[in-house]
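In: Take a look and give me a structure for this.
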Amino acid sequence: MLYPIIWMFFASFKNNHEIFSLTASLIPKTFRFENYVNGWNGFGTLTFGHFIENSLIVSIISTIGAVASSALVAYGLARIKFKGKKFWFAVMLITMMLPYQVLMVPQFVLFHRLGWVNTYLPIIVPQFLGQPFFIFLMIQFIQGIPAELDQSAKIDGCNRFSIFFRIILPLMRPAIITSTIFSFCWRWDDFFAALLYLNQPRLYTVPLALRMFSDPAGSSDWGAMMAMGTISLLPLIMVFIFFQKYLVEGIATTGLKG
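Out: Numbers count the residues shown, from 1 in each chain. Next comes the predicted model:
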């Protein structure tokens, strides 16, 4: 699992000839630090830092929307009794089985008619409508929280929203952080949605920017691509290192332990 990342890191110091002719050799003959300089300079007036900033904007806002909306939906399905609850839960599970390729065309037609193409709205707004995987994960976590806590809060005069924000939400921290990590990583690495909806280079995210280093009709700067690919992994590695304890806890636990 780690070898491709290690190979990319060392390839970021090689020239194009070494990358393709000495693929089995990790250590470059000469370390070319200019690959990082050339890669960071980007294209025209747009540096690679600009694309990182775009990805951060999309990833952070999308993550906030996905986690917040999923937590609310999960609480409703886990704690509130209403007509058709099992049906809507089954519908939510079915949507997890639909591949993105099935939704791609109707979504593009809808966003095109709304005039959202070539903006971040088609990428960000759907995240505020709840994500089935996160909803399912949070439902399982909430069901492990004793219902007696809700009843005690009702006796103290709390309504549904107060119970959620004051009682359930603080106890959901491992599940919320787990969903945050997954959402951030998925949005940061999302190439296909950005390719569909973003046409102007100034709006490109990191995956699209990396593709620009490859020019099938001309010369490709593979060294710079490997260098910027290495840099693009740093936010994901930092997120995982800082929150790995909560990631494991959120997946392994199912509620409160006595």
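In: show me where the stretch 151-258 of the chain has strands.
Out: Under the criterion DSSP state E, counting those that start in this stretch, the stretch 151-258 of the chain contains no strands.
In: how about the helices in it?
Out: Applying DSSP state H, counting those that start in this stretch to the stretch 151-258 of the chain gives helices spanning 160-163, 169-171, 173-188, 192-197, 206-211, 222-252.
In: Can you list the neighbours in contact with the third one?
Out: Contacts of helix 173-188 from elsewhere in the structure, counted by C-beta atoms under 8 Å, 6 or more residues apart in numbering, are 55, 58-60, 62-63, 66-67, 70-71, 123, 127, 131, 133-134, 137-138, 141, 169, 206, 232, 235-236, 239-240, 243, 246-247, 249-251, 253. The C-beta positions use only the backbone N, C-alpha and C, and glycine is treated the same way.
In: Tell me the buried residues in that helix?
Out: 174-188 (16 or more other C-beta atoms under 10 Å).
In: Repeat that for the last one.
Out: For helix 222-252, burial by neighbour count (16+ other C-beta under 10 Å) applies to 222-233, 235, 239, 243, 246-247, 250.
In: now the first one
Out: Along helix 160-163, these residues count as buried under the neighbour rule (16+ other C-beta under 10 Å): Ile163.
In: centre of the chain versus it, how much separation?
Out: Distance of helix 160-163 from the chain centroid (C-alpha atoms, centre = their mean, to the nearest Å) equals 29 Å.
In: Packing partners of that helix?
Out: helix 148-155 (3 or more C-beta pairs under 8 Å, 6 or more residues apart in numbering; DSSP states H and E).
In: what about 10 Å?
Out: Using 3 or more C-beta pairs under 10 Å, 6 or more residues apart in numbering; DSSP states H and E, the elements in contact with helix 160-163 are helix 48-79, helix 148-155.
In: residues of the shortest one that come out buried?
Out: Neighbour-count burial for helix 148-155, with 16+ other C-beta under 10 Å as criterion, is recorded at Asp150, Ala153.
In: excluding its backbone neighbours, what's nearest Leu236?
Out: Among residues not flanking Leu236 along the chain, Cys185 sits closest, at 5.6 Å (C-beta to C-beta, 6 or more residues apart in numbering).
In: go on, Phe213?
Out: Leaving aside its sequence neighbours, Phe213 sits nearest to Met225 (C-beta to C-beta, 6+ apart; 3.8 Å).
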